[in-house]
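S.K.: structure of the sequence below:
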Amino acid sequence: MPLHPYSMKNTLIVLPGPTGVGKTAFATGLAERLGCDIISCDSRQFYREMKIGTAAPGEEELARAKHHFVGFLSVTDYYSISLFERDVLALLPSLFPSNPVVIMTGGSMLYMDAVCRGMDDIPDTDPAVRQKYLEMYHNEGIEGLRIALKLLDPVSYSRIDLHNPRRILRALEITESSGRPYSSFLTAPVRQRDFRIIKAGLTRERSELYRRIDMRVDRMMEEGLEQEAASLIRYRGLNALNTVGYREMFRWFDGEVSREEAVMLIRRNTRRYARKQLTWWNRDSQINWFDASESEKIISWIEKSLDE
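M.R.: A predicted model of the protein is given here:
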């Protein structure tokens with residue numbers, strides 16, 4: 001049984017990093033070393049039907065370390081950032097007594113920020129406002145929503161997924177209903193937590209990251225992404241399926257692009273998302289960045305931080 005010399009301070013080790021960088025492998029090895037649990041902070045890995053397209057931890061990783069928030073929802077279930085914050089904060093007190101260290105890793109920036117920083121309670125929205133923007137979407141398409149968001153909340157415009165109409169609609173209806181930009185609810189003063197947080201970010205040289213992303217996409221196709229997406233096509237209108245990998249497969253099924261073009265688009269859009277993740281996290285001065293290939297260096301820094 002692993003020793004726990006860090007028993008004086010309950011600590012959440014946060015491992016952010018772009019998609020494809022190697023977070024799952026590193027976190028699993030670190031969890032084995034420390035004898036602790038892992039909280040997944042990848043909002044698409046929450047869904048049990050989306051294993052391949054989200055590169056969810058496989059049977060080996062799940063056997064090596066206890067993972068929470070992996071495959072615990074169906075794509076038809078409602079879930080949100082605020083619910084994740086609530087659930088993680090409720091879970092941690094049950095984990096710390098057996099081990100004062102817990103790891104959280106993933107690529108969902110807002111979900112990670114909600115746990116680390118907290119977020120304001122988002123108010124209810126006016127149904128009339130929602131209907132207004134639904135009609136705008138129907139009449140003007142997603143570009144009309146983008147233009148409106150850029151005018152009303154340029155911060156959100158620069159941060160959220162502009163290919164996801166549900167995200168844009170949500171930002172618009174909250175902004176107009178509350179009289180406050182949606183982004184202001186996500187940048188509230190940091191809430192104090194009753195546990196320590198240390199952040200070790202994982203990155204790689206861009207060319208190496210892109211090579212790994214391309215390999216990851218090829219592996220997904222070999223493992224059956226096409227079949228997985230086909231099994232979910234009846235749910236394509238749900239927010240969970242508005243995700244890189246599935247969107248492009250659906251376009252292929254619709255005859256808009258060839259299979260080869262769909263794979264190329266998955267690679268391109270995954271690279272774009274990785275850049276967006278890094279841009280977001282580079283604003284966080286509390287993250288100490290490391291090349292993901294230097295695992296011993298990262299572990300040494302983490303263990304030294306735990307001793308402080």
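S.K.: listing request: residues of the stretch 1-150 of the chain with sub-threshold pLDDT.
M.R.: 1-8 (pLDDT under 70).
S.K.: can you rerun that using 90?
M.R.: For the stretch 1-150 of the chain, the stretches with pLDDT under 90 are 1-9, 78-82, 110, 118-131, 138.
S.K.: which residues in it form helices?
M.R.: Listed in chain order, the helices of the stretch 1-150 of the chain (DSSP state H, counting those that start in this stretch) span residues 23-34, 59-64, 81-95, 109-117, 127-152.
S.K.: with distance to Gly71 and mean neighbour count added, can I get these in a markdown table?
M.R.: No exception for glycine: its C-beta is placed from N, CA and C like everyone else's. Converted to a markdown table, the helices of the stretch 1-150 of the chain look like this (distance: least, C-beta to C-beta, whole Å; neighbours: other C-beta atoms under 10 Å):
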| stretch | distance to Gly71 | mean neighbour count |
| --- | --- | --- |
| helix 23-34 | 14 | 20 |
| helix 59-64 | 9 | 12 |
| helix 81-95 | 15 | 16 |
| helix 109-117 | 16 | 22 |
| helix 127-152 | 30 | 14 |
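S.K.: state the distance from Lys51 to Leu225.
M.R.: Using C-beta to C-beta, to the nearest Å, Lys51 is found at 10 Å from Leu225.
S.K.: which of the two has more neighbours?
M.R.: More crowded of Lys51 and Leu225, by other C-beta atoms under 10 Å: Leu225, with 23 against 18.
S.K.: so what are the structural domains in this structure, by residue number?
M.R.: According to automatic domain parsing, the chain comprises the domains 11-119+195-307, 127-185.
S.K.: end-to-end on the first one?
M.R.: Spelled out, it's domain 11-119+195-307. End-to-end span of domain 11-119+195-307 (C-alpha to C-alpha, to the nearest Å): 11 Å.
S.K.: for that domain, the distance to its chain's centre please.
M.R.: 6 Å (C-alpha atoms, centre = their mean, to the nearest Å).
S.K.: returning to that earlier point: relative to Glu308, which of the helices of the stretch 1-150 of the chain is closest?
M.R.: Distance to Glu308, taken as C-beta to C-beta, is lowest for helix 23-34 among the helices of the stretch 1-150 of the chain, at 15.7 Å.
S.K.: helices or strands up against that closest one?
M.R.: On a contact count with 3 or more C-beta pairs under 8 Å, 6 or more residues apart in numbering; DSSP states H and E, helix 23-34 meets strand 11-16, strand 38-40, helix 59-64, strand 101-106, helix 295-307.
S.K.: right, so of those, which gets closest to Asp254?
M.R.: strand 101-106 (30.3 Å).
S.K.: re the thing from before, would you list the helices and strands packed on helix 23-34 in CSV and tack on distance to Leu241?
M.R.: Shown next, in CSV, are those (distance: least, C-beta to C-beta, whole Å):
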stretch, distance to Leu241
strand 11-16, 24
strand 38-40, 19
helix 59-64, 23
strand 101-106, 19
helix 295-307, 34
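S.K.: which one of those lies nearest to Arg219?
M.R.: helix 59-64 (14.5 Å).
S.K.: please save the CA atoms from the closest one in PDB.
M.R.: Listed next in PDB are the C-alpha coordinates belonging to helix 59-64 (Å, rounded to 0.1, in the frame of the first residue of the first chain):
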ATOM      1  CA  GLU A  59     -10.000  -0.800 -19.300                       C
ATOM      2  CA  GLU A  60      -6.300  -0.800 -18.400                       C
ATOM      3  CA  GLU A  61      -6.300   2.800 -17.100                       C
ATOM      4  CA  LEU A  62      -9.500   2.200 -15.200                       C
ATOM      5  CA  ALA A  63      -8.000  -0.900 -13.600                       C
ATOM      6  CA  ARG A  64      -4.800   0.900 -12.600                       C
END
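S.K.: residue contacts, Gly107?
M.R.: By C-beta atoms under 8 Å, 6 or more residues apart in numbering, the contact list for Gly107 reads Pro16, Gly17, Pro18, Thr19, Lys23, Cys41, Asp42, Gln277.
S.K.: please repeat the previous calculation with a cut-off of 10 Å.
M.R.: Residues in contact with Gly107 (C-beta atoms under 10 Å, 6 or more residues apart in numbering) are 16-21, 23, 40-45, 54-55, 273-274, 277, 280-281.
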